[in-house]
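Sharing a model that was predicted from the sequence below.
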Amino acid sequence: SVVDADDAVQETMIRAWRGLERFEGRSSLRRWLVRIATNVCLDQLGARGRRVRPFEDGPCGGIDGDLGTHPGEYWLEPIPDALVLTDDADPAERAALRQSIRLAFVAALQHLPPRQRACLLLKEVLDFSAEEIAETLETSVASVNSALQRARAQTMASRREQVPAFDDFVPTTGTESLLERYIAAFERHDVDALVGLLCDDVIMSMPPYTLWLQGPATIHDWLHGPGIHCRGSRLLPVAASASPAFAQYRPAPEGGHRAWALIVLELREERIAAWNAFLAVETLFPRFGLDLELPPQK
């Protein structure tokens, strides 16, 4: 989560400040800071459980199913792109960073032991060599290569086991058209049009609720049932988890609109494979620089 990341950055800066006099310059300042940050993250991971997505937590439900809840720290959360994706990154680095914050990839990482996770991120995101990773983790190159092999195999298996499967989001004319139709149908509460944009095995989830739904027919019934209160909503595009995302505002009784969900979509073959509605708006919206209320439209 963003809170976990903020805690790690703060602790890294504290440790770096305290240890600055011991920095001998035998490696770059960047690698020295990465080593400190890696140790901080390993300490954090050893003290915390993994975060999950609702469809990893139990079987899918129906429109009359028990919503159930877990506290916020139980769930995987989206992250603002602006916190990770920098304008000065080269194309390859930017692509690696985008991959590293997608929900499906982060969910797969949760299944790895901490040191395997560190090896994979240092290699795939920061492009460290096996020798540099070994130095960072104070282990052997052979151990690093073994950990990388196991981590890649486990990550691929975890992503294959995710139902549904997701494409890496690359904006195209087709996806832009899909998202325009999604916004238009959502704001009209045109359920038939919305369902027409979904994959056959689509998932809808609404953390912190444990309930999740699967299939266009079930989502159709939900939108005509409990989801009817979303009628009249407004959507504002946001940049979250390197995926198509929107801030949803539902009509407020006193007029205007009030924050309801941060929606992150995952696509496959220019259709919606997952509809993730994160409802902890009091926490999430400020992180994205979003207002909790919108004034009435003129």
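Everything's here; your move. What you see is a predicted model; the values in this text were computed from it and never measured.

Grab the longest helix from the protein for me.
helix 141-161 (DSSP state H).

And that one, what does it pack against?
helix 103-109, helix 114-124, helix 130-137 (3 or more C-beta pairs under 8 Å, 6 or more residues apart in numbering; DSSP states H and E). Glycine gets a C-beta too; all of them are placed from N, C-alpha and C.

now the angle from it to helix 114-124?
Calculated by axes from the mean of the first three to the mean of the last three C-alpha atoms, to 10 degrees, helix 141-161 forms an angle of 90 degrees with helix 114-124.

need the next SSE after helix 141-161, C-terminal direction.
Sequence-wise, the next helix or strand downstream of helix 141-161 (DSSP states H and E) is helix 173-188.

Buried ones in that next one, by neighbour count?
Neighbour counts using 16 or more other C-beta atoms under 10 Å place 175, 178-179, 182-183, 185-186 of helix 173-188 among the buried residues.

likewise stretch 118-133?
118-126, 128, 130, 132-133.

Helix, strand, or coil at residue 66?
With DSSP: H, G, I helix; E, B strand; the rest coil as the basis, the three-state label of residue 66 is coil.

Also residue 276?
Per three-state DSSP, residue 276 ends up strand.

chain center to stretch 286-298: distance?
Stretch 286-298 sits 22 Å away from the centroid of its parent chain (C-alpha atoms, centre = their mean, to the nearest Å).

Extract the CA atoms of it and return them as CSV.
Only the C-alpha atoms of stretch 286-298 are listed here, as CSV (Å, rounded to 0.1, in the frame of the first residue of the first chain):
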residue,chain,number,x,y,z
PRO,A,286,-6.6,12.6,-1.0
ARG,A,287,-3.7,10.5,-2.2
PHE,A,288,-4.8,11.1,-5.7
GLY,A,289,-5.4,14.8,-5.2
LEU,A,290,-9.2,14.3,-5.6
ASP,A,291,-11.9,16.2,-3.8
LEU,A,292,-14.4,14.2,-1.8
GLU,A,293,-17.3,16.3,-3.1
LEU,A,294,-18.2,17.8,-6.4
PRO,A,295,-20.5,20.9,-6.7
PRO,A,296,-23.8,20.7,-8.7
GLN,A,297,-23.3,20.8,-12.4
LYS,A,298,-24.6,24.0,-14.1
